[in-house]
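> Predicted coordinates and the sequence they were generated for:
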Amino acid sequence: MANEIQAIEKMIRQQTEQQQLFINSVSQMMTNNNSKFQIVENNLSEVQKDIKDIKENEELENDKYNRLNKLKASKVEETVANTNEVIKQELYRQITRAIKEKFNLSSLPKIKKKDEQECESFIENFKFNINNASISACRKFIKEFDKIIGTDSVQRAKYIIYDYEKCLNMMDKSYKEEFENHYKYTELKAFLNN
């Protein structure tokens, strides 16, 4: 009987060792799988971040870009609806330059999808500097004065004077006097009176 008990104890020890080996092997496999799972999970997380980054930094499609341009144009029109095209061009340049600076763009079509709503809001709330636009426009008209003086283009001179005076009326008083008394303006007016 003692031999039988020893044989049973030996058999139990062997089974326990085999079970322990099996448990160790399963535990090792689980540890390896968890490591592999963690690596896959980390890679998946990185890929998701990359996809999000790509989507956010994607440039606007043409139709959305065109919509922003129309919004800019309507902002200019609502600000100075009954003025000359030179003033409108100056205001359009102002808002375009401000958008490029705000969103750090080399050109407007490079605006990102993620910035579309913010850009739209920026345009809607933009405050133009009418005085600067008027000054720039008057300077352009002054260059036109040279081309007209000495020609027979009386009609063109009348249009230029008319637009120039519109710009003068939009200017701050501190600048207005300088442009009202500009020698080329007075020279062109004298040309028209002859």
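Received the coordinates, thanks. If you're wondering where the values come from, they're calculated on a predicted model, not measured in any experiment.
> CA atoms only for the helix or strand E90 falls within, dumped as PDB, please.
E90 is part of helix 85-102, with elements assigned from DSSP states H and E. Coordinates of each C-alpha in helix 85-102 appear next as PDB, following Å, rounded to 0.1, in the frame of the first residue of the first chain:
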ATOM      1  CA  GLU A  85     -14.400 100.300 -58.200                       C
ATOM      2  CA  VAL A  86     -11.000 101.500 -57.000                       C
ATOM      3  CA  ILE A  87     -12.200 101.800 -53.400                       C
ATOM      4  CA  LYS A  88     -13.900  98.400 -53.700                       C
ATOM      5  CA  GLN A  89     -10.600  96.900 -54.900                       C
ATOM      6  CA  GLU A  90      -8.700  98.400 -52.000                       C
ATOM      7  CA  LEU A  91     -11.200  97.100 -49.500                       C
ATOM      8  CA  TYR A  92     -11.100  93.700 -51.200                       C
ATOM      9  CA  ARG A  93      -7.300  93.700 -50.800                       C
ATOM     10  CA  GLN A  94      -7.500  94.700 -47.200                       C
ATOM     11  CA  ILE A  95      -9.800  91.800 -46.200                       C
ATOM     12  CA  THR A  96      -7.800  89.400 -48.300                       C
ATOM     13  CA  ARG A  97      -4.500  90.500 -46.700                       C
ATOM     14  CA  ALA A  98      -6.100  90.300 -43.200                       C
ATOM     15  CA  ILE A  99      -7.300  86.700 -43.900                       C
ATOM     16  CA  LYS A 100      -3.800  85.700 -45.100                       C
ATOM     17  CA  GLU A 101      -2.200  87.100 -42.100                       C
ATOM     18  CA  LYS A 102      -4.700  85.700 -39.600                       C
END
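> mind giving me the domain ranges of this structure?
Domains of the chain are assigned by automatic domain parsing as 1-56, 62-128, 131-193.
> could those be laid out in a markdown table, adding mean pLDDT?
Below are the domains of the chain laid out as a markdown table (pLDDT from 0 to 100):
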| stretch | mean pLDDT |
| --- | --- |
| domain 1-56 | 74 |
| domain 62-128 | 89 |
| domain 131-193 | 81 |
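> could the ones you listed be laid out in JSON lines, adding mean neighbour count?
Quick note: C-beta positions are derived from backbone N, CA and C, even for glycine. JSON lines is the format used below for the domains of the chain (neighbours: other Cβ atoms under 10 Å):
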{"stretch": "domain 1-56", "mean neighbour count": "10"}
{"stretch": "domain 62-128", "mean neighbour count": "15"}
{"stretch": "domain 131-193", "mean neighbour count": "16"}
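> for the helix holding E90, packing partners?
Contacts defined by 3 or more Cβ pairs under 8 Å, 6 or more residues apart in numbering; DSSP states H and E place helix 85-102 against helix 62-79, helix 116-125, helix 130-148, helix 154-170.
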